[in-house]
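S.K.: Structure for the following, please:
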Amino acid sequence: MPSTLSTLSWLALAAPVLALPSHGVPGKNQTGIKPITRIQLGPRPYWLIDQMEDSPLKTKLQSCSEKEMRPSRWSIGHRGGGTLQFPEETEASILAGTRMGAGVEECDVTFTSDQQLICRHSQCDLHTTTNILTIPSLAAKCTVPFTPYNATTKQLATAKCCTSDFTLAELTETKGLCSKMDSSNPQATTPEEYQGNVPGYRTTLYSGPGTCHKLLTVQEYIALVDALGLDFTPELKTPEVKMPFGSINFTQEAFAQQLIDEFKKAKIDPERVWLQSFLYDDVLYWLRAEPEFAKQAILLDETGDAPSTIAAATASLAKYAQDGVKIVAPPLQYLVSTVTEQDGNVKVVASEYAKQAKKLGLKVITWSLERSGWLADSTKGGYYYSTIANATAARGEGVVFELLDVLASKEVGAIAVFSDWSATVSYYANCFGLFP
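M.R.: Residues are numbered from 1 along each chain as shown. As a prediction, the model looks like this:
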């Protein structure tokens, strides 16, 4: 049975340290949307608590079941925060995540053929996150047009459609172009069939016939999140086309600067913006060229995905700190591991990576909770739970709040957590008083 008395004591004494700092007043309401103050978490956090084994942590979480919930910047809406059930990178996902208490909202930023900025998780995911292949005039422009499944050769259906294949107007004004749940059918023989195969733990309930979630530009994202009174965390996506793109002037640095310029144009306080990138050069550029925005720039880290590389990823933290990086953001599994206690219980604990980041004074944000499907099936939670798979094998969904508890502990001290379903992180934040 997991024990959390030390964690509970730490949080009781030091919760204000874990809360994100108070930031500037939101700008002018540009969309007619107002801040959401009546937070509604729905049944999922309560169900997850029910799946837990009896422990001090479960008792504490149960004691918060009737609390009035508030927004928290400890809860970041990953791709909007409603991504488990709403199409990602859309207004609907952002509104859902915000209603579930996210205090920071994400837009993954890429560019179009006319070098305008738009929210997509990948530059080349339009064939799986939108219905673009069903619109012939646009499908013909894709980098790799749709090729159907070949039953004779068993060659799977393929396609590749990138934002850089289209103008901003084509992606935002073409009638019938809609975002959808991220999925594809590798045995599709038509573009329409290719749209299916949504994972069973997700849903098309909010993206079915008669609905159309339009693609969101970065300007629209800024206006929406500003109107909601939240913080921003735009991620500059690594281009999948050669840079410079389109003209000699649109370099990687120009792309990185253009993102900041959008926030300047909207008169957004830099303290409300948490820039992200996997490209170290992007973060170094911001530190050099835009120090006010770079104060809380986030270096996303995926260099330790293999067991053979996590030691090198941990060692690299010292260089990041020396170069002026203040915040690193690895995936969940980098920050935790397990120990087997004398009674055979598998306990989730802080990893060496987490301890080294703490020692160096680096702040930590992590991603992405609620993205893994079922924890008790044969995958044991897959990628995000790979370092604690023996715990998920033993306790399934009951591990989710155990994981959050370790992330919030003194040993890790995560200042925020990305989630595909904001309610879960928001519940924990409310229960333990993790507020700005």
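
S.K.: what's the helix or strand harbouring Ala423 packed up against?
M.R.: Secondary structure assigned from DSSP states H and E places Ala423 in helix 422-431. Taking 3 or more CB pairs under 8 Å, 6 or more residues apart in numbering; DSSP states H and E as contact, the helices and strands that helix 422-431 lies on are helix 44-50, helix 56-63, strand 72-77, helix 91-99, strand 102-111, helix 399-408. All C-beta spots, glycine's among them, are computed from the backbone N, C-alpha and C.

S.K.: Contacts for the first one next, please.
M.R.: To tie it back to what came earlier, the one meant is helix 44-50. Contact with helix 44-50 is made by 58, 61-62, 65, 397-398, 400-401, 421, 423-424, 426-428, as judged by CB atoms under 8 Å, 6 or more residues apart in numbering.

S.K.: Pull out the buried positions in that helix.
M.R.: Of the residues in helix 44-50, Arg44, Pro45, Leu48, Ile49 count as buried by neighbour count, 16 or more other CB atoms under 10 Å.

S.K.: Can you lay out these as JSON lines showing pLDDT?
M.R.: Converted to JSON lines, these look like this (pLDDT from 0 to 100):
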{"residue": "Arg44", "pLDDT": "98"}
{"residue": "Pro45", "pLDDT": "98"}
{"residue": "Leu48", "pLDDT": "98"}
{"residue": "Ile49", "pLDDT": "98"}
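
S.K.: need those residues in JSON lines with distance to Pro186, can you?
M.R.: Listed next are the buried residues of helix 44-50 as JSON lines, based on distance: CB to CB, whole Å:
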{"residue": "Arg44", "distance to Pro186": "30"}
{"residue": "Pro45", "distance to Pro186": "34"}
{"residue": "Leu48", "distance to Pro186": "32"}
{"residue": "Ile49", "distance to Pro186": "37"}
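
S.K.: how about the strands of the chain, start to end?
M.R.: Using DSSP state E, the strands of the chain run over 72-77, 102-111, 117-119, 144-147, 158-160, 231-236, 276-277, 298-300, 327-329, 336-340, 346-350, 363-369, 416-419.

S.K.: got a markdown table for those, with distance to Phe255, mean neighbour count and mean pLDDT too?
M.R.: As requested, the strands of the chain are arranged in a markdown table below (distance: least, CB to CB, whole Å; neighbours: other CB atoms under 10 Å; pLDDT from 0 to 100):
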| stretch | distance to Phe255 | mean neighbour count | mean pLDDT |
| --- | --- | --- | --- |
| strand 72-77 | 23 | 30 | 98 |
| strand 102-111 | 7 | 28 | 98 |
| strand 117-119 | 9 | 25 | 98 |
| strand 144-147 | 23 | 15 | 98 |
| strand 158-160 | 21 | 18 | 98 |
| strand 231-236 | 7 | 25 | 98 |
| strand 276-277 | 10 | 24 | 98 |
| strand 298-300 | 16 | 23 | 99 |
| strand 327-329 | 20 | 24 | 98 |
| strand 336-340 | 34 | 16 | 98 |
| strand 346-350 | 36 | 19 | 98 |
| strand 363-369 | 22 | 23 | 98 |
| strand 416-419 | 22 | 29 | 98 |
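
S.K.: Ok, which of these comes nearest Pro191?
M.R.: strand 144-147 (5.2 Å; CB to CB).

S.K.: can you list the weak-confidence ranges in the protein?
M.R.: Under the criterion pLDDT under 70, the flagged ranges of the chain are 1-31, 436.

S.K.: neighbours around Thr189, how many?
M.R.: Neighbourhood size, Thr189 [other CB atoms under 10 Å]: 13.

S.K.: on that earlier part again, which residues touch the helix holding Ala423?
M.R.: Here helix 422-431 makes contact (CB under 8 Å, 6+ apart) with 39, 41-42, 44-45, 48, 60-61, 63-64, 67, 69-72, 74-77, 81-82, 96-98, 100-102, 369-370, 400-401, 404-405, 408, 417, 419, 434-435.

S.K.: Now with 6 Å, please.
M.R.: Residues from elsewhere that reach helix 422-431 (CB atoms under 6 Å, 6 or more residues apart in numbering): 41-42, 44-45, 61, 64, 67, 69, 72, 74-75, 77, 81, 97, 100-102, 370, 404, 417, 419.

S.K.: Could you measure from Thr110 over to Gln85?
M.R.: In this view, Thr110 and Gln85 are 24 Å apart by CB to CB, to the nearest Å.

S.K.: whoops, I mixed them up, Asp226
M.R.: As judged by CB to CB, Asp226 and Gln85 stand 25 Å apart.

S.K.: Those two: which has the busier surroundings?
M.R.: Taking neighbours as other CB under 10 Å, Asp226 and Gln85 compare with Asp226 leading, 23 against 18.

S.K.: Going by distance to Gln333, which of the buried residues of helix 44-50 wins?
M.R.: After measuring the buried residues of helix 44-50 against Gln333 - CB to CB - the closest member comes out as Leu48, at 18.7 Å.

S.K.: Same list (the strands of the chain) but as JSON lines, adding distance to Gln258.
M.R.: What follows is the strands of the chain, written out as JSON lines (distance: least, CB to CB, whole Å):
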{"stretch": "strand 72-77", "distance to Gln258": "23"}
{"stretch": "strand 102-111", "distance to Gln258": "8"}
{"stretch": "strand 117-119", "distance to Gln258": "6"}
{"stretch": "strand 144-147", "distance to Gln258": "27"}
{"stretch": "strand 158-160", "distance to Gln258": "24"}
{"stretch": "strand 231-236", "distance to Gln258": "9"}
{"stretch": "strand 276-277", "distance to Gln258": "13"}
{"stretch": "strand 298-300", "distance to Gln258": "18"}
{"stretch": "strand 327-329", "distance to Gln258": "22"}
{"stretch": "strand 336-340", "distance to Gln258": "36"}
{"stretch": "strand 346-350", "distance to Gln258": "38"}
{"stretch": "strand 363-369", "distance to Gln258": "24"}
{"stretch": "strand 416-419", "distance to Gln258": "24"}
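
S.K.: Select, out of those strands, the one closest to Glu292.
M.R.: Nearest to Glu292, of all the strands of the chain, is strand 231-236, at 14.3 Å by CB to CB.

S.K.: At the geometric centre of this protein, which residue do we find?
M.R.: Nearest to the mean C-alpha position of the chain, by CA atoms, centre = their mean, lies His78 at 2.8 Å.

S.K.: ok, and the closest non-adjacent residue to that residue?
M.R.: Counting by CB to CB, 6 or more residues apart in numbering, Phe418 is the residue found nearest to His78 once chain neighbours are left out, at 4.0 Å.

S.K.: same thing with Trp374?
M.R.: Using CB to CB, 6+ apart, the closest residue to Trp374 is Tyr201 (6.2 Å).
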